[in-house]
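Q: the following block contains a protein sequence and its predicted model.
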Amino acid sequence: MPQITLSHVTKRWKGFYGVDDLSMVIDDNAFVTLLGPSGCGKTTTLRMIAGLETPTSGRITIGDEVVFDSAAGIDVPPNRRHVGFLFQNYALWPNMTVYQNIAFGLENDKAYTREMVRTRVDEVADIVKIGPFLKRYPAELSGGQQQRVAIARTLAPKPAVLFMDEPLSNLDAKLRLEMRSELQRLHIETGATFVYVTHDQMEAMTLATRICLMDNGVLQQYDAPLDVYHRPVNLFAADFVGNPAINFLNATGAQDGAGVKLDIFDSKTVLFTPSAAMTVADWYVAQAAADQDVAEKLEVRKAAKGYVEKENKESNFRYRVATAGELGGTPQDFSDSETDFVVGVRPEFVEIRESGAFEAEVYSSMPTGMETTVKLKIGELLVTGVIFGPAIYTIGQRVRFDIDGNGIMLFSRKNGRLIATGGLRSA
Ligand SMILES: Nc1ncnc2c1ncn2[C@@H]1O[C@H](COP(=O)(O)OP(=O)(O)OP(=O)(O)O)[C@@H](O)[C@H]1O
Ligand SMILES: [Mg+2]
């Protein structure tokens, strides 16, 4: 069964790099989601694997077969890559019944007798639960049913690899949720490898065995969803995943024994203790070595024939600090100093309690029944917390809170990368 490998795959249009030197392995039977903001290169990546877009350079293998290799001049056409593709705009043929729509691909395949086509259509119709609608025309179906027909049509030829580009984007919230769980089931039942494009982090989190998070054509992180959530490699990844979003707090400080002593909330001193022993100074030394390595590799690329200078070097990403009255938070600049940090706090680590180390005012409180999202105001800063269970707070109420647990993140404000995860306590 197929494993997909991308080695140094680049797609550029003149100096604009849509996908920049992407290397990754998609394991057999994986459910990989390509995630990232609009324009980051998700669709381009998928289309290159499927053979619908020709990479500028690099190498792609599906199973044992090299399907693309710029150096060797190999480019296998899409219909010989044995992949199924479900586009965002899955047009069904309006003048064909559901049955005919699903059977279409099979009827052109000489390996299928008429009897086999019927059996197969029934099978896939059963999987996506559209059995009763086979005689209807697309116009006689709801949007969600149409989408399921499109999925059935893609599944019918039993592709070992299935590519989907935002296949649920046309559905309402409830149906989306239902279809997500159907897709998860389908993935297990078919045993196929799924590669799934979405810009919806929740969808990526809940469906994937692994998330490929991209920004500006560059791979940021390729990890299991909960690893991206708990150990994001940088501020971008931390910010992109999680709802409500992570809290970013600017801090200044320095190594203090095994921990890092930090000033946050303007005047509060806290001690960050990393979960695994490390020092900030050592970390910066390792960073410098890694940066040097990347720079040297880039020099090699630049020296190669046909290299074109990259225009879109800079990502648009800026991290934001939530402040009262400022929707979406205030964009922050990076710093030159190694004594500047950013503390990342997921909302579930904010604990409101009387003995809490920090004092705040309730800025807003939004109960959903199962949980309550509370925004706390400390000076002009806002910190978002999620309190599980029913909790009633009134706006303006004074409360105290702690930042609990061992999942607190310490980022460098110099390069935006994760230094360590650990715990925070007031010092
Ligand atoms: N034919 C083209 N010529 C020039 N630039 C292109 C071309 N096709 C795509 N791009 C650019 O490449 C980048 C990546 O495009 P892509 O379609 O892969 O984005 P995406 O991540 O799928 O975004 P979205 O979430 O909006 O669908 C975009 O900035 C886009 O403008
Ligand atoms: Mg796209």
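A: Structure's in. What do you need? Ligands and ions are numbered 1, 2, ... in the order given.
Q: write out the residues of the stretch 51-200 of the chain neighbouring ligand 1.
A: Within the stretch 51-200 of the chain, the positions adjacent to ligand 1 are His199 by C-beta under 6 Å from any ligand atom. For glycine as for every other residue, the C-beta is placed from the backbone atoms N, C-alpha and C.
Q: show me where the stretch 51-200 of the chain has its strands.
A: Secondary structure of the stretch 51-200 of the chain, counting by DSSP state E, counting those that start in this stretch: strands at 57-62, 65-69, 74-75, 83-86, 161-165, 193-198.
Q: listing partners with orientation, what would you give for the shortest one?
A: Strand 74-75 pairs in its sheet with strand 65-69 (antiparallel), by DSSP bridges.
Q: mind listing what's buried in the strand it pairs with?
A: 67-69 (16 or more other C-beta atoms under 10 Å).
Q: that strand to strand 57-62, inter-axis angle?
A: If you take axes from the mean of the first three to the mean of the last three C-alpha atoms, to 10 degrees, strand 65-69 sits at 160 degrees to strand 57-62.
Q: mind checking the end-to-end distance for stretch 22-41?
A: Length of stretch 22-41, first residue to last, C-alpha to C-alpha, to the nearest Å: 10 Å.
Q: my bad, should have said stretch 196-206
A: 12 Å.
Q: and it, average pLDDT?
A: The pLDDT scores in stretch 196-206 average 91.
Q: got it, and stretch 271-279?
A: 96.
Q: who touches it?
A: 253, 255-256, 258-262, 343, 406, 408, 410, 419-427 (C-beta atoms under 8 Å, 6 or more residues apart in numbering).
Q: rerun at 7 Å
A: Stretch 271-279 is contacted from outside by 255-256, 258-262, 406, 408, 410, 420-425, 427, using C-beta atoms under 7 Å, 6 or more residues apart in numbering.
Q: can you show me the CA trace of that stretch as PDB?
A: Taking Å, rounded to 0.1, in the frame of the first residue of the first chain, the C-alpha atoms of stretch 271-279 are listed here in PDB:
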ATOM      1  CA  LEU A 271       9.100  31.700  37.800                       C
ATOM      2  CA  PHE A 272       8.800  29.500  34.700                       C
ATOM      3  CA  THR A 273      10.200  26.000  35.300                       C
ATOM      4  CA  PRO A 274      10.800  23.900  32.200                       C
ATOM      5  CA  SER A 275       9.400  20.400  32.200                       C
ATOM      6  CA  ALA A 276      12.800  19.100  31.000                       C
ATOM      7  CA  ALA A 277      16.000  20.600  32.300                       C
ATOM      8  CA  MET A 278      17.500  23.200  30.000                       C
ATOM      9  CA  THR A 279      18.800  26.800  30.000                       C
END
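Q: now do the buried residues in it.
A: Buried, per 16+ other C-beta under 10 Å, within stretch 271-279: 271-274, 278-279.
Q: and these as CSV, adding secondary structure and distance to ligand 1?
A: Putting those into CSV (DSSP: H, G, I helix; E, B strand; the rest coil; distance: C-beta to the nearest ligand atom, whole Å) gives the following:
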residue, secondary structure, distance to ligand 1
Leu271, strand, 41
Phe272, strand, 35
Thr273, strand, 38
Pro274, strand, 34
Met278, coil, 35
Thr279, coil, 38
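Q: give me the angle between the helix ranked longest in the chain and strand 57-62.
A: Ranked by number of residues, the top helix in the chain under DSSP state H is helix 280-303. Counting by the same axes, to 10 degrees, helix 280-303 points 100 degrees away from the direction of strand 57-62.
Q: for ligand 1, what is the nearest residue in the stretch 51-200 of the chain?
A: Ranked by C-beta to the nearest ligand atom, the top residue of the stretch 51-200 of the chain for proximity to ligand 1 is His199, at 4.5 Å.
Q: next, count neighbours for that residue.
A: 17 (other C-beta atoms under 10 Å).
Q: how about low-confidence regions in the stretch 1-150 of the chain?
A: Along the stretch 1-150 of the chain, segments meeting pLDDT under 70 span 1, 88-89.
Q: quick one: the helices in it?
A: 42-50, 98-107, 114-127, 143-155 (DSSP state H, counting those that start in this stretch).
Q: pull out the buried members of the contacts of stretch 271-279.
A: Looks like these have 259-262, 408, 410, 420-424 buried, using 16+ other C-beta under 10 Å.
Q: and the strands of the stretch 51-200 of the chain: which comes nearest Ala173?
A: Among these, the nearest to Ala173 by C-beta to C-beta is strand 193-198 (14.4 Å).
Q: how far away from the center of its chain is the closest one?
A: Relative to the chain's own centre, strand 193-198 is displaced by 11 Å; criterion: C-alpha atoms, centre = their mean, to the nearest Å.
Q: equivalent analysis for stretch 87-96, please.
A: 28 Å.
Q: go on, stretch 263-280?
A: Counting by C-alpha atoms, centre = their mean, stretch 263-280 comes out at 28 Å from the chain centroid.
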